[in-house]
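Undergrad: Pasted the sequence and its predicted model underneath.
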Amino acid sequence: MDLTQRNVSIFQSWINPVISLLFVGSFALGAFLIVYKVAFGENPIANAMAAAMQRETVLPSDQ
């Protein structure tokens, strides 16, 4: 087996676990946000995004 075939084989063996880990991580984040919203009544990601949008859209004369 040459070096290129070995690299392809390594890549193919790692791509499914990486994709699975990303899926499970995003699902866990969503579940955490639902529980956090029910427990505390706020969404920290939405609050951070709203603060960033407000900071970026305020005119210099309004500051």
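TA: The structure has been received and is ready for your questions.
Undergrad: which one's the longest helix in this protein?
TA: In the chain, assigned by DSSP state H, the helix with the most residues is helix 3-40.
Undergrad: Kindly provide the whole-number mean pLDDT of that one.
TA: What helix 3-40 shows for mean pLDDT is 90.
Undergrad: Report the backbone C-alpha coordinates of the helix or strand following it in PDB.
TA: Note on helix 3-40: by DSSP states H and E, the next helix or strand toward the C-terminus is helix 44-57. Output of helix 44-57 as PDB, limited to C-alpha atoms (Å, rounded to 0.1, in the frame of the first residue of the first chain):
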ATOM      1  CA  PRO A  44     -28.100  32.800  26.400                       C
ATOM      2  CA  ILE A  45     -27.200  32.300  22.800                       C
ATOM      3  CA  ALA A  46     -30.100  34.500  21.600                       C
ATOM      4  CA  ASN A  47     -29.200  37.100  24.200                       C
ATOM      5  CA  ALA A  48     -25.600  37.200  23.000                       C
ATOM      6  CA  MET A  49     -26.700  37.400  19.400                       C
ATOM      7  CA  ALA A  50     -29.100  40.200  20.100                       C
ATOM      8  CA  ALA A  51     -26.400  42.200  22.000                       C
ATOM      9  CA  ALA A  52     -23.900  41.700  19.200                       C
ATOM     10  CA  MET A  53     -26.500  42.900  16.600                       C
ATOM     11  CA  GLN A  54     -27.400  45.900  18.700                       C
ATOM     12  CA  ARG A  55     -23.700  46.800  19.200                       C
ATOM     13  CA  GLU A  56     -23.100  46.500  15.400                       C
ATOM     14  CA  THR A  57     -26.100  48.500  14.300                       C
END
